[in-house]
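1. Sequence and predicted structure, then a few things I'm wondering about:
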Amino acid sequence: MTRFDELGIEEKILKAIDELGFKKPMPVQEKVIPQIIGNDNRDIIGLAQTGTGKTAAFGLPLIQKTNTSIKRTQFLILAPTRELCIQIADDLISYAKYKEDVRITPVFGGTSIDRQIILLKKGAHIITATPGRLIDLINRRKVDISKVNTVVLDEADEMLNMGFRQDIETILKETPRDKNTLLFSATMPKEVRVIASKYMKDPLEISIGKQNAGADNVEHICYMVNAKERFLALKRVVDFHPDIYGIVFCRTRRETQDVAEKLLKEGYNADSLHGDLSQMQRDAVMKKFRMKSISLLVATDVAARGLDVDNLTHIINFNLPDETEIYTHRSGRTARAGKNGESIVIANLKEKFKIKQIEKQIDKKFSYLPVPLGRDICKKQLFHLIDRMEKVTVDDTKIDSFLSEIFKKLEWLDREELIKKFVSVEFNRFLDYYKNAPDLNIPFDSKDSNKASFTSSNYARFFINLGKTDELQPTNLIGLINDFTKTKDIPVGDIEILKNFSFFEVDKEYTKVLLDSFKDKEYKKRKIILEIASQKESSGRRRDNFRSDGDRKRPDRDRKRGHSFKHGRRSERSFNKKRKTR
Ligand code: ADP
Ligand code: MG
């Protein structure tokens, strides 16, 4: 295992990055750092997935090489967006914590140029810049890049995507011929190759991992819904993850604004980031997001490009990007620095092809999951609430003075009632909202996807030899399940009561519990037979094979007359199916 000191990093920087928690170099750093420190002035193209530590790969050696005995600008870093420009500067400043003499100055548009000019006058060894503002400053002769040693083009592909090609060329012409050029990118489209061949000399190409591949520890998940139900699905996904901290990607500024506004109106902690906002507004949003006072940032690709926000749990593609490469960038915003994350796509059937293309590009398969149902969400939220309550720290000194009065007031409630009431105070909103919430899933065949089973994936289906003739009803069937298993916690799905027998679904985890507890049991003096039925169309097949009880009628006729009580998982889905085929 290589260490940072073995790459030639000096003591003062080692101390700073140790405090940042960098224990060992990431692969791109291991390759790039010695090259830059080694002073052999080779141009470098660094290709690595997002979140693999490219900033430190060029940032650490540049800080080390800065000559603080002179004032002039030695290094220039270009980045596509204002946010990224600020972030790189911040990162570099933290690496240079014990090298206070190194002056790092970000310059970017949308904010007062005068302040930046004042800062630049004090001397800037390292400038991080967005192309437009830098050109402005060059024209005003407030920046001199004619003697820089190295130019870094960070997120080069995005800069070109954003139409900065002309600006980049203008800037590069202001720099000395014998400078070094370092180009970093997650992808390598043609346009980048063109710039590289035009402006770089014999670049060393360092490519980490599979090019264009998604970060390894991102799980890719797809929910298929009707296009018009995208927003509802988004809410389900968010509600299903009480601790969500993520970015919701939209395609246009308008959509971004729209989704954020709707989320806000419905009480979610969300805000939007897009190009129509002033710099001050954007800064404010980013600050709130980093401090986690916003848990959902609704953003366009351009606004969120390259942003490194720690510990994002989710990336949600509210709409898929037009270019598959952009998906890589989006999903790369989560699972950074070895952590896990989920990249979620809310899609409709028309987008199946696009998803296949993305799968090819990232060389990974999507898991197709059913959109969480109201009941699943309620359960998740409820337990989240309970967990929080269990873990909350109680500050005795502060609440002691109120407690005796409160105890007295609540004296009449026993423990169980008390718990019920406390939980309900918080929880009724969810219960109400999801009381009659429809199933948003659409019938969808994803043959070659690695889904378990799109419908009722968490449920096992059972056959039981009791039906309407036994006066079985959904309620007493649930009663039996509760009695025999001695718990009320087992989630029950579809129940289909037919004349002489029935089918029902139970959370897969409880398959064995159920089979065991129903063994040798009787119902109204009849021995109960409980068997696992195969999924989905099983009821039909099962009926054909049904032979165990000779004195009963052929069951397939029962089907037509059979009352089918449905609740939970599949009811709405079947409804959708009907609606579709009509
Ligand atoms: P990239 O530019 O490749 O997308 P970043 O440079 O933004 O990625 O780094 C991603 C995250 O990894 C940042 O939070 C950074 O602080 C962290 N990081 C970088 N290098 C290391 C390291 N050697 N050990 C641990 N974390 C690191
Ligand atoms: Mg980066």
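-> On my side now, so go ahead. Just so it is clear, the structure is predicted and the values come from calculations on it, not from any experiment. Ligands and ions are numbered 1, 2, ... in the order given.

2. what's the spacing between L60 and I358?
-> 33 Å (Cβ to Cβ, to the nearest Å). All C-beta atoms are positioned from the backbone trio N, CA, C, and that covers glycine.

3. Of those two, give the one with the bigger neighbour count.
-> A side-by-side neighbour count of L60 and I358, using other Cβ atoms under 10 Å, places L60 first with 31 against 26.

4. how near is G110 to P321?
-> For G110, the distance to P321 - Cβ to Cβ - is 24 Å.

5. how distant is the helix or strand containing V28 from the center of its chain?
-> Element membership of V28 [criterion: DSSP states H and E] is helix 27-37. Between the centre of helix 27-37 and the centre of its chain there are 30 Å (Cα atoms, centre = their mean, to the nearest Å).

6. ditto for stretch 191-209
-> Mean C-alpha position of stretch 191-209 versus that of the full chain (Cα atoms, centre = their mean) differs by 31 Å.

7. Buried ones in that stretch, by neighbour count?
-> Neighbour counts over stretch 191-209 (16 or more other Cβ atoms under 10 Å) mark V192, I195, A196, Y199, M200, P203, I206, I208 as buried.

8. Let me know the closest of these to ligand 1.
-> Closest approach between those and ligand 1, by Cβ to the nearest ligand atom: I208, at 9.1 Å.

9. contacting residues for the spatially closest residue to the closest one that is not a sequence neighbour?
-> Excluding the flanking residues, the one nearest I208 by Cβ to Cβ, 6 or more residues apart in numbering is A48, at 3.9 Å. Going by Cβ atoms under 8 Å, 6 or more residues apart in numbering, A48 touches P27, V28, K54, F184, A186, I206, S207, I208, G209.

10. what do you get for L297?
-> G246, I247, V248, A270, D271, S272, L273, V285, F289, A304.

11. burial count for the last one?
-> Translated: A304. Counted with other Cβ under 10 Å, residues neighbouring A304 total 26.

12. roughly how far apart are the closest residue to it other than its chain neighbours and ligand 1?
-> Spatial nearest neighbour of A304, excluding adjacent residues (Cβ to Cβ, 6+ apart): I247 at 5.7 Å. Separation of I247 from ligand 1 (Cβ to the nearest ligand atom, to the nearest Å) stands at 14 Å.

13. ok so I247 is a strand residue?
-> Yes - using DSSP: H, G, I helix; E, B strand; the rest coil, the assignment for I247 is a strand.

14. In stretch 232-251, which residues are buried?
-> Those would be 232-242, 244-251, for stretch 232-251 by 16+ other Cβ under 10 Å.

15. circling back: please enumerate residues in contact with the helix holding V28?
-> 2, 4, 7-9, 25, 42, 44, 46, 48, 52-54, 56-58, 60-62, 64-65, 150, 180, 182, 204, 206, 208-209.

16. can you pull the contacts of K488?
-> Taking Cβ under 8 Å, 6+ apart, we find K488 in contact with N482.

17. What pLDDT is listed against it?
-> Predicted confidence (pLDDT) for K488: 80.

18. Near ligand 1, which residues of this structure are found?
-> Neighbours of ligand 1 within the chain, by Cβ under 6 Å from any ligand atom: 22, 25-26, 29, 48, 50-56, 308, 310, 336-337.

19. if you look at the contacts of A48, which of them are in helices?
-> Applying DSSP state H to the contacts of A48, the entries found in helices are P27, V28, K54.

20. Export only the CA atoms of the longest helix belonging to the chain, formatted as CSV.
-> Of all segments of type helix in the chain, defined using DSSP H, the longest is helix 415-434. Presented in CSV, the C-alpha positions along helix 415-434 are these (Å, rounded to 0.1, in the frame of the first residue of the first chain):
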residue,chain,number,x,y,z
ARG,A,415,-48.0,2.9,28.6
GLU,A,416,-49.5,1.5,25.4
GLU,A,417,-52.0,4.3,24.9
LEU,A,418,-49.2,6.8,25.6
ILE,A,419,-47.0,5.3,22.9
LYS,A,420,-49.9,5.1,20.4
LYS,A,421,-50.7,8.8,20.9
PHE,A,422,-47.1,10.0,20.7
VAL,A,423,-46.6,8.1,17.5
SER,A,424,-49.8,9.3,16.0
VAL,A,425,-49.0,13.0,16.7
GLU,A,426,-46.2,12.7,14.1
PHE,A,427,-47.5,10.0,12.0
ASN,A,428,-51.1,10.8,11.2
ARG,A,429,-50.0,13.0,8.3
PHE,A,430,-48.5,10.0,6.5
LEU,A,431,-51.3,7.7,7.3
ASP,A,432,-53.8,10.2,6.0
TYR,A,433,-51.9,11.0,2.9
TYR,A,434,-51.4,7.4,1.9
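
21. next helix or strand past it?
-> Immediately after helix 415-434, counting by DSSP H and E, sits strand 459-464.

22. Which is the succeeding secondary structure element to that next one?
-> Next helix or strand after strand 459-464 toward the C-terminus (DSSP H and E): helix 474-485.

23. helices and strands around the helix or strand just after that next one, which ones?
-> Scanning forward in sequence from helix 474-485 by DSSP H and E, the next helix or strand is strand 492-497. For strand 492-497, the elements it packs on are strand 459-464, helix 474-485, strand 502-507, judged by 3 or more Cβ pairs under 8 Å, 6 or more residues apart in numbering; DSSP states H and E.

24. repeat that with 6 Å
-> Secondary-structure packing of strand 492-497 (3 or more Cβ pairs under 6 Å, 6 or more residues apart in numbering; DSSP states H and E): strand 502-507.

25. Centre of the chain to the strand it packs on, how far?
-> Using Cα atoms, centre = their mean, the offset of strand 502-507 from its chain centre is 33 Å.

26. related to what we said a few turns ago, in PyMOL, how would I select just the buried ones from the contacts of helix 27-37?
-> Here is the PyMOL command that picks out the buried ones among those, judged by 16+ other Cβ under 10 Å:
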select buried, resi 4+7+9+25+42+44+46+48+52+53+54+56+57+58+60+61+62+64+65+150+180+182+206+208
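
27. From the contacts of helix 27-37, which land in strands?
-> I44, G46, T150, N180, L182, L204, I206 (DSSP state E).

28. Which residue ranges make up the domains of this structure?
-> Listed by automatic domain parsing, the domain ranges of the chain are 4-207, 218-373, 375-434, 455-581.

29. Need the contact partners of the longest helix of the chain.
-> G374, I377, C378, Q381, L382, L385 (Cβ atoms under 6 Å, 6 or more residues apart in numbering).

30. any idea which of those has the most stuff around it?
-> With neighbours defined as other Cβ under 10 Å, the most crowded of the contacts of helix 415-434 is I377; it has 23 neighbours.

31. Could you find the closest non-adjacent residue to it?
-> Distances taken as Cβ to Cβ, 6+ apart place D239 nearest to I377, at 4.7 Å, with adjacent residues excluded.

32. Between the two ends of stretch 2-13, how far is it?
-> 16 Å (Cα to Cα, to the nearest Å).

33. average model confidence for that stretch?
-> 92.

34. and what of stretch 269-281?
-> 86.

35. Please enumerate residues in contact with it?
-> For stretch 269-281, the surrounding residues in contact (Cβ under 6 Å, 6+ apart) are 110-111, 253, 256-257, 260, 263-264, 285, 294-300, 303.

36. Output the domains of the chain as JSON lines; include the columns distance to ligand 2.
-> Output for these, formatted as JSON lines (distance: least, Cβ to the ion, whole Å):
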{"stretch": "domain 4-207", "distance to ligand 2": "5"}
{"stretch": "domain 218-373", "distance to ligand 2": "5"}
{"stretch": "domain 375-434", "distance to ligand 2": "33"}
{"stretch": "domain 455-581", "distance to ligand 2": "37"}
